[in-house]
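Undergrad: Dropping a prediction and its sequence here:
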Amino acid sequence: MRRIVSVWLIDWPISVRRRSLERARRPASPPEPVDDPRNPFALILKNHRGAAVIHALNPAARRAGLRRGQTQADARAMIPYLIGQPADPAADARALTALAQWAERWSPSVSVDPSEEGLEGLFLDVTGAAHLFGGEAALLRQIRERLMEAGAPARVALGPTPGAAWALARWGGDGEESGAGPIATGDDVRDRLAPLPVEALRIRDRTLAQARRFGLKRIGDLYPMPRAGLARRFRNDGGVALVQRLDQALGHVGEALTPLRPPPRYRAWETWMEPVGDLEGVAARLPELAADLAAPLERDGQGARALTLTGFRSDGRTTALSVRMGQPGRDVGVWLRLFREAGLGRLELGFGLDALMLTADLVEPMAARQAALESEAEVRQSESLAALIDRLTARLGEDRVLTPEAEDSWIPERADRLRPALGRRVVADPGEMGRRPILLLDPPEPIHDPLFDLPDGAPARFTWRRAPRRVIRAEGPERLAPEWWRTARARTRDYYCLEDAEGGRYWVFREGLYGRDYTGDPARAGQERAPSWWMHGVLA
């Protein structure tokens, strides 16, 4: 049976504003008036008409008779000493997302409740997980207490459907005598929902007004009515939506929840009674977690390419460390080595960790591979190179371990581009990339006073960086046509491999062709440019 926890964050925008003011307040500064629960406080937001209306209220303002949606002018007329500040819905949404990630300590599937009008909250799918926290009542009690400690008062409820849990959290009272919150099962969900008001079904205001006009005030009033007749009583699609919400709450129609982050298929989890406050304790527990994660991967024939170690801190925050691999694997020793290279010291333990979770974020099937006997050495070299890239990437970062990748261009400075080496095939034989210099100058440097035979002879002597050089060997030319679609004035290049008397080997090119790009005609002196020589690289 499905078990869903609904968390109603009471006055969530007010809680976010109070927390932000507490962080910004200096130790010697006086407390903000907002922090005093006796002061009426409201967050103001402009509506679509440009009028300033109340977006959120604290309990003192509600006790004074103010309500959401009321104009600021009317509120000031009722309470002249009302404290008002501009609302920031974007900041509230970001804080709600961060809270949903923090709530993953109780469930791997946490969804943000899209409700508005002060009914913001979360959905936690705890199916099959409540026993890890001492039962359903203990789980609800822990969630509410931890949220209260974090400065976010909330009410929680648990039910077989999202609709039932949502309704019980907001209209179901305080729940059991233990203070855990309302808990409904598939057997008693009808009875638990029957006395609740119709608005607990998450229907629109127009549909709610029509239902009250028909005398339908409680959910139990809808039970004896035929579904088809009930849907026809309302205008537009209000009746259909009402019937659908009722069936979703009772479990007759399914309702999908979209997790904030898809839950990992493979994960290992460990909790402790006392917080772990040092890195040695984390390192000591990591091998057991890795072994627990590798077992189901081996059973399913899968290998992990990305791992994340997440620590849940005692102060409610999380700390994480991720590693990636170029090839899928499930070797525990390799995983531990990568985490050591990445640096367990990057984990911020705070006052200690209550739980530690290792997840496989990216998995791929591991098929058995058999190499030819004559290429066994090459296969071992390739695997060793991939392992080295994994270790260097874990230590230095993915954007600092690079390998060239061929591009669709014949121009040398655009023929390849450096990309992260992780997961890419690294070319071990440079002959596959063509004969190119080990050092490519970008931009190329000019060569002065070249001595060569027209029209396509290699230089016999030239000056580069103020040093004259005499060529004893030459090879070329290698002609590269220009990419005419990039620039209208592109010129052909002829590349030469040269070796001077001192053993230096160079890669030079002539930009432009004699007889085509340049004729030497004095009458066209202003229209054509003489070919020029350039040093583009140093050969091995």
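TA: In hand now; what should we look at?

Undergrad: The spatially closest residue to Glu32 that is not a sequence neighbour: which element?
TA: With sequence-adjacent residues excluded and distances taken as C-beta to C-beta, 6 or more residues apart in numbering, Glu32 is closest to Leu21, at 5.0 Å. Using the backbone N, CA and C atoms, a C-beta is placed for each residue, glycine as well. In this structure, Leu21 sits in helix 12-24 according to DSSP states H and E.

Undergrad: So which residues make contact with that helix?
TA: 9, 32, 34-35, 41, 43, 55-58, 85, 87-89, 91-92, 95-96, 118, 120, 151-153 (C-beta atoms under 8 Å, 6 or more residues apart in numbering).

Undergrad: From the residues you listed, which land in strands?
TA: 9, 41, 43, 55-57, 85 (DSSP state E).

Undergrad: Give me the buried entries from the contacts of helix 12-24.
TA: Using 16 or more other C-beta atoms under 10 Å as the burial test, these include 9, 32, 34, 41, 43, 55-58, 87-88, 92, 95-96, 118, 120, 152-153 as buried.

Undergrad: The residue minimising distance to the centre of the chain: what's it in contact with?
TA: Taking C-alpha atoms, centre = their mean, the centroid of the chain lies closest to Arg261, which sits 8.3 Å from it. Contact analysis of Arg261 by C-beta under 8 Å, 6+ apart lists 101, 104, 110.

Undergrad: Just the buried subset of those residues, please.
TA: The buried subset of these - by 16+ other C-beta under 10 Å - is 104, 110.

Undergrad: Strands - which of the contacts of Arg261 land there?
TA: Per DSSP E, the contacts of Arg261 map to strands at Val110.

Undergrad: If we only consider the contacts of Arg261, which is nearest to Pro455?
TA: Gln101 (68.6 Å; C-beta to C-beta).

Undergrad: ok, now how distant is the residue nearest to Glu32 from Arg218?
TA: The spacing between Leu21 and Arg218, counted by C-beta to C-beta, to the nearest Å, is 41 Å.

Undergrad: Sheet partners, orientation included, of the host helix or strand of Leu321?
TA: Assessed by DSSP H and E, Leu321 sits inside strand 318-329. For strand 318-329, the paired strands and their directions (DSSP bridges) are strand 302-313 (antiparallel).

Undergrad: Under the pLDDT cut-off, which ranges of the stretch 401-540 of the chain? List them.
TA: 423-435, 487-489, 525-527 (pLDDT under 70).

Undergrad: hey, where'd the strands end up in it?
TA: 402-406, 416-420, 439-446, 448-451, 461-464, 467-480, 493-500, 505-511, 532-538 (DSSP state E, counting those that start in this stretch).

Undergrad: Surely Pro365 touches Leu297?
TA: No - using C-beta atoms under 8 Å, Pro365 is not in contact with Leu297; the gap is 10.4 Å.

Undergrad: who's more crowded, these two?
TA: The neighbour count for Pro365 versus Leu297, taken as other C-beta atoms under 10 Å, is higher for Leu297 (19 against 9).

Undergrad: Let me see the contact set for the more buried one.
TA: Per C-beta under 8 Å, 6+ apart, neighbours of Leu297: 266, 303-304, 330, 360, 363.

Undergrad: try 10 Å this time
TA: Counting by C-beta atoms under 10 Å, 6 or more residues apart in numbering, Leu297 touches 265-266, 303-304, 328-330, 360, 363, 366.

Undergrad: what do you get for Gly520?
TA: Counted by C-beta under 10 Å, 6+ apart, Gly520 has contacts 454, 514, 528, 530.

Undergrad: Mind doing that once more with 8 Å?
TA: 514, 530.

Undergrad: Can you tell me how far it is from Leu43?
TA: For Gly520, the distance to Leu43 - C-beta to C-beta - is 80 Å.

Undergrad: Equivalent analysis for Asp36, please.
TA: According to C-beta to C-beta, Asp36 and Leu43 sit 16 Å apart.

Undergrad: Name the residues of stretch 326-339 that are buried.
TA: Going by 16+ other C-beta under 10 Å, stretch 326-339 has these buried residues: 326-330, 332, 334-335, 337-339.

Undergrad: from the middle of its chain, how far away would that stretch be?
TA: Averaging C-alpha positions (C-alpha atoms, centre = their mean, to the nearest Å) puts stretch 326-339 22 Å from its chain's average.

Undergrad: From one end of that stretch to the other, what's the distance?
TA: With C-alpha to C-alpha, to the nearest Å as the measure, stretch 326-339 spans 15 Å from end to end.

Undergrad: Show the average pLDDT along that stretch.
TA: In this model, stretch 326-339 has an average pLDDT of 89.

Undergrad: What lies in contact with it?
TA: So stretch 326-339 is contacted by 286-287, 290-291, 294, 297-298, 302-305, 307, 309, 321, 323, 325, 363-366, 386-387, 389-391, 394, 421-424 (C-beta under 8 Å, 6+ apart).

Undergrad: if we can go back for a sec, ok, the buried residues of stretch 326-339 vs Arg144, which is closest?
TA: Phe339 (34.9 Å).

Undergrad: Report whether the closest one is found in a helix, as I expect.
TA: Yes - according to DSSP: H, G, I helix; E, B strand; the rest coil, the state of Phe339 is that of a helix.

Undergrad: Name the helix or strand of the chain that has the lowest mean pLDDT.
TA: Least confident helix or strand of the chain, by mean pLDDT, DSSP states H and E, is helix 376-396 with a mean of 75.
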